[in-house]
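[1] Okay, sequence plus prediction incoming.
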Amino acid sequence: MGNHYILGDPNRVQRIKRGGNGGAPSVGRPIGVNRPKTPQQQGERMQTYHVMWEIDIDAQSSIDAARQALACLQEPGTQAVVFDVTDEKGETTTRVDLLEVDQAAESTEEDL
């Protein structure tokens, strides 16, 4: 008990300790990660958004097309990062390009 080990991907290092559950490891919080509170934990009301991602796919069936689209979304380094997001009232739709958002955030961090 009390022994700490480092496991897994170095980008997601987690601390475990041998607990009282027969020596099986119990996963702790990631080391060095200070998780911000979620809106629910802060007592804020979450909104529901309708999120659309579109793609044209040549396929043999609708099921095949859906599987190909899912594969595109799950592919590491995918460029499928542009979404149309509509608020819960259906009044405002915003096109969100996550590459642009991330680049803007990186540029802001570099200025600090």
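    Thanks, I have the structure now.
[2] what's the spacing between Gln79 and Ala104?
    17 Å (Cβ to Cβ, to the nearest Å). To be clear about C-beta, it is placed using only N, CA and C from the backbone, and glycine gets the same treatment.
[3] Doesn't Phe83 lie inside a helix?
    No: read with DSSP: H, G, I helix; E, B strand; the rest coil, Phe83 is strand and lies in no helix.
[4] pretty sure it contacts Thr93?
    No: in this structure, Phe83 is not within contact of Thr93 by Cβ atoms under 8 Å, at 10.2 Å.
[5] before we move on, which element is Ala59 in?
    Ala59 belongs to no helix or strand when assigned by DSSP states H and E.
[6] State the distance from Ile63 to Val82.
    As judged by Cβ to Cβ, Ile63 and Val82 stand 24 Å apart.
[7] okay, the two: which has more neighbours?
    Shown here are Ile63 and Val82; by other Cβ atoms under 10 Å, Val82 has more neighbours (14 against 9).
[8] Model confidence for the more buried one, exactly?
    Val82 carries a pLDDT value of 92.
[9] Tell me what it is bridged to.
    Applying DSSP bridges to Val82 yields these beta-bridge partners: Asp97.
[10] can you check the one 4 residues further on too?
    When bridges are assigned using DSSP bridges, the partners listed for Thr86 are His50, Thr93.
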